[in-house]
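**Student:** Provide a 3D model corresponding to the input given below.
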Amino acid sequence: MFREIFRFEIQNKLRRPAVYIYFAAVLIFSFLSFATGSLPLAEKQHINSPQIIAFWNAGMSMMMMLVSSSIMGMALYRDIEFSTKDYYLTYPITRADYFWGRFSASFLFMLLVAAGIPLGIYLGSKLGPLTWSDHLRYGPDEWRYYLQPYLTIVVPNLLFTSCLFYGLVAITRNVKVVYTGGVLLFLAYFISLFFLDHTNNVRVMILSDPFLVTAARIQMGNSPSIVQNTQLMVIDGDTLLNRFLWPGIGIAVVLVSWWRFRFERFFAGKRDKAAIDEVSSRSGGAYGKPATVSFSGAYSRQTFWNLVRLELRNIIRDNYFWVIIIAGSAVLALAFWNMGNFYGVAVLPRTSNFMQEFDGNFLFFIFFIILFYVGETLHRDRITRYAFIQDSLPPANWVINGSRLAALLIFAAGLSLLPLVVGIAVQLSKGYHAFDLPEYFASIGIQVLPTVIGMTLFAYFVHVVLNNKFAAHGVAVVTWVGLYFLVTTRIFDYRLWLYPYTPGTAHSDMDGFGHMTAPILWFHAYWLACGGLLIIVAALFFSRGVSTSIRERLQLIPERFTPATKVFTGISLVLFLGLGAWIYYNITYLNDYATKEENNARAALYEHS
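**Tutor:** Just a heads-up that it's a prediction; the model follows:
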């Protein structure tokens, strides 16, 4: 039965949109990075030098731990989610066939997705000289430059993360541990990089990095340009030991999970703890005065707020949520604690410095928390089988859909207060009491809160329209990472087209955002108006009950496009286009004014000379 299970898993993966999205993302990021030269290059180092290729393979395979958590984690959990245990237990399937058939097929797809890394590098190295970059910055192209890092860096890294996440699901039977494990591994890795940067023991640095990024960086930094451009990364000594150590740990995890794996325990359902309703003997008896039920506006409002409280309670009571928040807060506190120095002078833990760090990097991390819980909130009905009775209940669509969105927006607003709590805690620990609370609240209100609201609306829109949790995760992550990549590399930095980015600025202890406050608020208003349009689309495509096909939802759009919806759409569209035109006019005017002043200054300098 191993062959049948392996073939079935292959066919299932081929039907999954998320697999193709992951491959396209890996391919496009690698292609753009090498085609545009957006890489940390040393002087006289070729863009496609073998050591740069090795460094990129290490970094991309580290980022692919998120892909591993999705592909490998769902291979087993899918049978729990769709309750297929009754079918499997009727077939002569052995424990080994089931466990290793799922693992082998899923790991094969991990290797195929990762093949986008060398393919993207190759295409970027070929097309880059013809489009974006100078052809003199590219060196010779040999097949071994791509094959050696793929076999010695990418494959062992994927083996480590794949075994880890597959084993966690097999042991815990909970898909949330996959998300949490991915986030924690990501955070732990960056914490380890911080400590490794403060040690001089090269062996510890190399052996402690499970993805070999540190070893690739050390070799590249210690090699002259001629070596970087012509020689492959050397895999020997501690580097070779690293290649056996971490994949060995992953294999040990999956072997332990295999040893503990039993069909009875893995497919066992939880005992129903629901209490049996009893008929109460109130005054009037069971056949007393008949109850009256009204589904008027008061009922809808009360149901709306009850559902909002229920969704928030589901998030707050989740142990995995607190694990992620505590881990993220620890990393944020560590980064704030070690802000570095300014020309040898220690930097005080000032509020402006901390908020600058949070706005620049940790908002990117906050997006993944929001995306995860948006998916859990929207798809909980299907997992708990509540969707089968959803259509028969009296609450209107706006009650069910709006309560979830409201709960998620409140949740996002709570996350925006995270820098306030962590920042003050770190400042108190360091004996610094100039908290500058106005700066905290100004930064949160002007920059952080509108951004997290934009994140929530975007994640909600993607999940509702695609109506597939893992495909939506894939599309949202690829889109968000792509936007972050464009902004940080400045390949395309036109903020009117990059949702929900605002003009870049810096915090100041003297006047906060200063003269940039108004432009930032204009951009936030522009993107929130765009978010209003996303809400409308999500409301029209909202899936209630078991009807999930795109054709059925398209047929419901005319019915859902009510007069109130049309009014909200018109207001949002007018605001979006009007604010966009206003911002574009001001940008054009300021650019023309700056050009005019620069030309006048040059003319005056020419006449003076």
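
**Student:** going by C-alpha atoms from here, please, whenever you check contacts or count neighbours.
**Tutor:** Fine.

**Student:** since we're on the closest residue to Trp100 other than its chain neighbours, how many residues are nearby?
**Tutor:** Leaving out its chain neighbours, the residue that sits closest to Trp100 by CA to CA, 6 or more residues apart in numbering is Phe2, at 7.7 Å. By other CA atoms under 10 Å, 18 other residues sit near Phe2.

**Student:** pretty sure Phe2 contacts Gly101?
**Tutor:** Yes: under the criterion of CA atoms under 8 Å, Phe2 makes contact with Gly101 at 5.4 Å.

**Student:** check contacts around Gly250.
**Tutor:** Counting by CA atoms under 8 Å, 6 or more residues apart in numbering, Gly250 touches 159-164.

**Student:** what's the helix or strand for it?
**Tutor:** Using DSSP states H and E, Gly250 falls within helix 237-260.

**Student:** what's in contact with the helix or strand harbouring Phe388?
**Tutor:** Using DSSP H and E, the element containing Phe388 is helix 387-390. Residues outside helix 387-390 that contact it (CA under 8 Å, 6+ apart) are 381, 544-546.

**Student:** confidence score at Ala137?
**Tutor:** Not quite, residue 137 is Arg, not Ala. On the pLDDT scale, Arg137 is placed at 84.

**Student:** ok, Pro558 - how many residues close by?
**Tutor:** Around Pro558 there are 10 residues (other CA under 10 Å).

**Student:** and the helix or strand that comes right after the helix holding Phe388, what's buried?
**Tutor:** Tracing the chain C-terminally past helix 387-390 and defining elements by DSSP H and E, one meets helix 397-415 next. Across helix 397-415, burial judged by 16 or more other CA atoms under 10 Å covers 397, 399-409, 411-413, 415.

**Student:** repeat that for stretch 104-118.
**Tutor:** Residues 104-107, 109-110, 113-118 are the ones in stretch 104-118 that count as buried (16+ other CA under 10 Å).

**Student:** check stretch 350-361 too.
**Tutor:** With burial defined by 16+ other CA under 10 Å, the residues of stretch 350-361 counted as buried are 350-359.

**Student:** now, those that are in strands?
**Tutor:** Within the buried residues of stretch 350-361, no residue falls in strands by DSSP state E.

**Student:** farthest-separated two in those?
**Tutor:** Arg350 and Asp359 (14.6 Å; CA to CA).

**Student:** can you map out the helices along the stretch 1-150 of the chain?
**Tutor:** Counting by DSSP state H, counting those that start in this stretch, the stretch 1-150 of the chain has helices at residues 2-14, 17-36, 50-63, 65-81, 85-88, 95-114, 116-131, 144-149.

**Student:** with the stretch 451-600 of the chain instead?
**Tutor:** Under DSSP H, counting those that start in this stretch, the stretch 451-600 of the chain gives helices at 469-489, 517-540, 550-560, 563-608.

**Student:** could you pull out the buried residues of the third one?
**Tutor:** Meaning helix 550-560. Within helix 550-560, the residues scored as buried using 16+ other CA under 10 Å are 553, 560.

**Student:** could you give the angle of it to helix 397-415?
**Tutor:** Angle of helix 550-560 versus helix 397-415, following axes from the mean of the first three to the mean of the last three CA atoms, to 10 degrees, is 100 degrees.

**Student:** the second one now?
**Tutor:** Computed with the same axes, to 10 degrees, the direction of helix 517-540 lies at 150 degrees from that of helix 397-415.

**Student:** got a pLDDT number for Trp582?
**Tutor:** 90.

**Student:** for the stretch 51-200 of the chain, what are the low-confidence residue spans?
**Tutor:** Residue ranges of the stretch 51-200 of the chain with pLDDT under 70: 83-90, 133, 191-199.

**Student:** for Leu66, see how far away the spatially most central residue of the chain is.
**Tutor:** With distances taken as CA atoms, centre = their mean, Phe368 lies nearest the centre of the chain, 3.6 Å away. For Phe368, the distance to Leu66 equals 10 Å [CA to CA, to the nearest Å].

**Student:** quick one: the residue nearest to Trp100 from Leu415, how far?
**Tutor:** Here Phe2 is placed at a distance of 46 Å from Leu415 (CA to CA).

**Student:** now do Arg560
**Tutor:** The gap separating Arg560 from Leu415 is 32 Å, by CA to CA.

**Student:** and if you look at Glu142?
**Tutor:** Glu142 is 48 Å from Leu415, by CA to CA.

**Student:** returning to that earlier point: out of the helices of the stretch 1-150 of the chain, nearest to Leu486?
**Tutor:** Here helix 17-36 is closest among those (CA to CA), at 9.7 Å.

**Student:** how far off helix 50-63 does the closest one point, in degrees?
**Tutor:** Using the same axes, to 10 degrees: helix 17-36 against helix 50-63 is 150 degrees.

**Student:** quick one: list the elements packing against helix 17-36.
**Tutor:** Based on contacts counted as 3 or more CA pairs under 8 Å, 6 or more residues apart in numbering; DSSP states H and E, the elements that helix 17-36 packs against are helix 95-114, helix 116-131, helix 469-489.

**Student:** can you tell me which of the ones you listed is most buried?
**Tutor:** For these, the largest average neighbour count (mean count of other CA atoms under 10 Å) is found in helix 116-131, namely a mean of 21.

**Student:** just give me the neighbour total for Ile491.
**Tutor:** Using other CA under 10 Å, Ile491 has 15 neighbouring residues.

**Student:** got a list of what it touches?
**Tutor:** Residues near Ile491 by CA under 8 Å, 6+ apart: Thr36.

**Student:** now it: phi and psi?
**Tutor:** Dihedral pair for Ile491: phi -60, psi -40, per degrees, to the nearest 10.

**Student:** report pLDDT for it.
**Tutor:** Looking at Ile491, its pLDDT stands at 76.

**Student:** how close does it get to Phe304?
**Tutor:** 44 Å.

**Student:** what's the answer for Leu437, then?
**Tutor:** Distance from Leu437 to Phe304, by CA to CA: 34 Å.

**Student:** out of those two, which sits in the busier spot?
**Tutor:** Between Leu437 and Phe304, counting by other CA under 10 Å, Phe304 is the more crowded of the two (22 against 12).

**Student:** I figured the more buried one hits Ala396, correct?
**Tutor:** No: with contact defined as CA under 8 Å, Phe304 does not reach Ala396; the gap is 9.6 Å.

**Student:** sketch out the low-pLDDT regions of the stretch 251-400 of the chain for me.
**Tutor:** Short version for the stretch 251-400 of the chain, where the test is pLDDT under 70: 268-296, 340-345, 360-361.

**Student:** and the helices in it?
**Tutor:** Here the stretch 251-400 of the chain has its helices, by DSSP H, counting those that start in this stretch, at 263-266, 297-316, 319-337, 351-357, 363-383, 387-390, 397-415.

**Student:** any chance of a markdown table for the ones you listed, columns distance to Ile587?
**Tutor:** Converted to a markdown table, those look like this (distance: least, CA to CA, whole Å):
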| stretch | distance to Ile587 |
| --- | --- |
| helix 263-266 | 60 |
| helix 297-316 | 41 |
| helix 319-337 | 34 |
| helix 351-357 | 24 |
| helix 363-383 | 26 |
| helix 387-390 | 49 |
| helix 397-415 | 30 |
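
**Student:** and of those, who's closest to Tyr150?
**Tutor:** Closest to Tyr150 of the helices of the stretch 251-400 of the chain is helix 363-383 (CA to CA; 27.6 Å).

**Student:** from the contact counts, what lies against the closest one?
**Tutor:** Applying 3+ CA pairs under 8 Å, 6+ apart, one finds that helix 363-383 contacts helix 397-415, helix 449-466, helix 469-489.
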